[in-house]
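Chemist: task: produce atomic coordinates for the following.
(one chain, ligands or ions: 2)
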Amino acid sequence: MTDQKASNDLRVAIAGLGSIGSKIVTALDQGIEGLALSAVAVRDPAKHQAFLSGLRHRPQILPIDQLGDAADIVVECAPSSQLRAIVEPAVKRGRSAVVVSVGGLLDNFDLVDLARAKGGRILVPTGALIGLDAVNAAAVGTIHSVKMVTRKPIDGLRGAPFIVQNNIDIDNLREPLKLFEGSARDAAKGFPANVNVAVALSLAGIGPDRTQMQVWADPTVTRNVHRIEVEADSARFSMSIENIPSENPKTGMITALSVIALLRKQRATLCVGT
Ligand SMILES: NC(=O)C1=CN([C@@H]2O[C@H](COP(=O)(O)OP(=O)(O)OC[C@H]3O[C@@H](n4cnc5c(N)ncnc54)[C@H](OP(=O)(O)O)[C@@H]3O)[C@@H](O)[C@H]2O)C=CC1
Ligand SMILES: O=C([O-])CC(=O)C(=O)O
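Modeler: Ligands and ions are numbered 1, 2, ... in the order given. This next block holds a predicted model:
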């Protein structure tokens, strides 16, 4: 009975065992209906030995470009620089790739065509954001504008290319400073580890060039705060979320939970929300 059930399970592989990947591995190891953890890819296996040894069912450790051989669904939870190496081989084999480094998709959009040609899929979770169901629905009609404002504590922004290249001192700020205003596409270039959410929002709605965004460094907040306003022919809505940072201060805790929720839907009998 157990073997029969296991053979029907969708196999899931995780690339990256940081703040997001390790939570997803733990959830899969504890059990998600119809799914089984088959493999992981890490940069330095020795560093993750203790974590992997503590799992009930130890997955294979594979190079990132081989995860698609061992899984039906490959979940990318690594830096965006690794996105292509993870997603391309998976979709080439007709697998599904769940992408969290969504900003990296903009420079690798041919992967969507590749997935289409090979019968693969690219799934973008709502991640650290809110309300992509409503944005998807509004986009079936006409969306006139999408505006997003992100405020992060200093720890969550340190090292972003936009800050480094423009030599901006954020460490001595006493009040909020608007760092950037422009398109989601340009925001993703300047803040690749900070505004994946804006790119996800743009792909759900009116695209990365028309989605407008501001990024603030804010020493008065302790959470990653995202506020969104959408004006459409079907509705006007405002949404906001205040994310508690995970052990990676750039990444909200809810991001891993969003991926786990997406994975649960893959085989769930009752699915709620679009
Ligand atoms: N879509 C969304 O809403 C959000 C997306 N993100 C994005 O998600 C991604 C992951 O974030 P997070 O988990 O916080 O990042 P972490 O830095 O915590 O973890 C990244 C992991 O990737 C591993 N890694 C790095 N290089 C390689 C490689 N060459 N091969 C295999 N593994 C590798 C790291 O290995 P090691 O442990 O050895 O260093 C680490 O385990 C980031 O791109 C981030 O910007 C973040 C928040 C929200
Ligand atoms: O966690 C967050 O609040 C958002 C984030 O880092 C991202 O979009 O990359």
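Chemist: quick one: name the residues of the stretch 1-150 of the chain near ligand 1.
Modeler: Within the stretch 1-150 of the chain, the positions near ligand 1 by C-beta under 6 Å from any ligand atom are 15-21, 41-44, 47, 64, 77-80, 82, 100-102, 127-129. Just so you know, the C-beta spots here come from the backbone N, C-alpha and C atoms, and that holds for glycine as well.
Chemist: could you do the stretch 151-274 of the chain as well?
Modeler: Counting by C-beta under 6 Å from any ligand atom, the stretch 151-274 of the chain sits next to ligand 1 at 193, 196-197, 200, 248, 251-252, 255.
Chemist: circling back: so which of the residues of the stretch 1-150 of the chain next to ligand 1 belong to helices?
Modeler: Per DSSP state H, helices hold the following members of these: residue 21.
Chemist: just the buried ones from the residues of the stretch 1-150 of the chain next to ligand 1?
Modeler: Applying 16 or more other C-beta atoms under 10 Å to these, the neighbour count classes 15-21, 41-42, 64, 77-78, 80, 82, 100-102, 127-129 as buried.
Chemist: minimum distance to ligand 2, which residue of the stretch 1-150 of the chain gives it?
Modeler: As assessed by C-beta to the nearest ligand atom, ligand 2 sits closest to residue 128 within the stretch 1-150 of the chain, at 3.4 Å.
Chemist: ok, which stretches of the stretch 51-200 of the chain are helices?
Modeler: Assigned by DSSP state H, counting those that start in this stretch, the stretch 51-200 of the chain shows helices spanning 67-70, 83-92, 110-118, 132-140, 161-165, 184-190, 196-204.
Chemist: tell me which of these sits most buried.
Modeler: helix 196-204 (a mean of 26; mean count of other C-beta atoms under 10 Å).
Chemist: what separates that one from the chain centre, distance-wise?
Modeler: Mean C-alpha position of helix 196-204 versus that of the full chain (C-alpha atoms, centre = their mean, to the nearest Å) differs by 10 Å.
Chemist: just after that helix, pick out the following helix or strand.
Modeler: strand 212-217 (DSSP states H and E).
Chemist: name all residues that make contact with the residue minimising distance to the centre of the chain.
Modeler: Centroid-nearest residue in the chain, with C-alpha atoms, centre = their mean: residue 100, separated by 2.1 Å. For residue 100, the contact set (C-beta atoms under 8 Å, 6 or more residues apart in numbering) comprises 20, 75-77, 125, 127, 196, 255, 259.
Chemist: kindly recompute the last result at 10 Å.
Modeler: Taking C-beta atoms under 10 Å, 6 or more residues apart in numbering, we find residue 100 in contact with 15-16, 20-21, 24, 75-78, 80, 83, 124-125, 127-128, 196, 200, 251, 255-256, 258-259.
Chemist: got the contact list for residue 13?
Modeler: 25, 28, 37-41, 59-60, 62, 64, 66-76, 86, 90, 95, 97.
Chemist: which residues does it form beta bridges with?
Modeler: Beta bridges link residue 13 to residue 39, residue 74 when assigned by DSSP bridges.
Chemist: and the gap between it and residue 175?
Modeler: Computed as C-beta to C-beta, to the nearest Å, the residue 13 to residue 175 distance reads 45 Å.
Chemist: report pLDDT for residue 6.
Modeler: Looking at residue 6, its pLDDT stands at 62.
Chemist: for residue 274, that is, sorry about that
Modeler: Confidence score, pLDDT, at residue 274: 82.
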